[in-house]
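this is a predicted model, with the sequence first.
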Amino acid sequence: MHEYDITLKSILTRSGSGLLAQLTGLEVMRWHNVELPAVRQRRPDLLGETRDGVLVHIELQSTNHRAMARRMLEYAVFIHKKFARFPEQLVLYVGNAPMRMESRLTGPRLAFEYRLMDVREVESGPLLRSECLEDNVIAVLAHLGSDREAVRRILRRIAGSEPSGRGTALAELMILAGLRKLGTIIETEIEQMPILDDIMDHEVLGRERKRGIALGIAEGERKVVLRQLGKRFGPLPDWAAQRLSNLSPTELEKVEFRLLDAPSLEELFS
């Protein structure tokens, strides 16, 4: 779920989004970017920390993983090894099929449990009423009631937002709408809004939609890589930041895979 994963992580980690606080009851103040020591290198989707030092680990799932409980236990152990404390854990299921994963793992002298939630259990009302545009966009995954009316409300909110952010918000909405098969409804409603029709020319909507999605994914991944680089090498010099901004999506993915092993920025971008 590469494109959904990047889009959701980008939305959820922006300041102002209230969905995670609504789900966990905790306010994350900063996000950690960590690679966990495993046979296969594995990075938790979201690992944050509250003001009181509580670690919050969130995994985003669009499919039913048969061994999700074991996977979450592995995450918990490795996070404890790195931070010397266990995290609060949540798997947020965003798929369209019914959720069928287990939230418990038991065995001799073992009892492990994490929180498992289908995002459709979340009422969309508070998200749609939120002043945070990210909450409005992610509401498309929640319990909507009327799909078309909810889409209209989200699009009206995007149309009323800052012009510089409308294209990104629209691209993110279309990506997430793919999880709910609402793309056709969104395309129809966009055609009724001239202010958004200027962004997505309806005569070439298919091509422009793909272009917007690609740009949204690339921008989200670029931000993730930028945080990783800052964590690994410290503040980036101007030349490295410029190189990063000019990378194609394919080149960006290669840099992300090489980031952990490259001894210097020069070799990383060579």
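Great, that's in hand. Numbering: from 1, shown residues only.

do you have the helices of the stretch 51-200 of the chain handy? List them.
68-83, 124-129, 133-138, 147-159, 163-177, 183-190, 194-197 (DSSP state H, counting those that start in this stretch).

got the CA positions of the fourth one in CSV?
Extracted as CSV, the C-alpha positions of helix 147-159 are listed here (Å, rounded to 0.1, in the frame of the first residue of the first chain):
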residue,chain,number,x,y,z
ASP,A,147,-20.7,9.2,0.8
ARG,A,148,-21.7,12.0,-1.6
GLU,A,149,-22.6,14.5,1.0
ALA,A,150,-19.4,13.9,2.9
VAL,A,151,-17.4,14.2,-0.3
ARG,A,152,-19.1,17.5,-1.0
ARG,A,153,-18.2,18.8,2.5
ILE,A,154,-14.6,17.8,2.1
LEU,A,155,-14.3,19.4,-1.3
ARG,A,156,-15.9,22.6,-0.1
ARG,A,157,-13.4,22.7,2.7
ILE,A,158,-10.5,22.2,0.2
ALA,A,159,-12.0,24.9,-2.1
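
give the buried residues for stretch 185-197.
Buried positions in stretch 185-197, judged by neighbour count with 16 or more other CB atoms under 10 Å: 185-187, 189-190, 193, 196. (Glycine included, C-beta is placed from N, CA and C.)

what is the burial count for Met99?
17 (other CB atoms under 10 Å).

re earlier: pick out whichever of the buried residues of stretch 185-197 sits closest to Lys231.
Ranked by distance to Lys231 (CB to CB), the buried residues of stretch 185-197 are led by Ile186 at 35.8 Å.

any idea how far that closest one lies from Met101?
Ile186 sits 29 Å away from Met101, taking CB to CB, to the nearest Å as the criterion.

try Lys231
With distances taken as CB to CB, Lys231 is found 31 Å from Met101.
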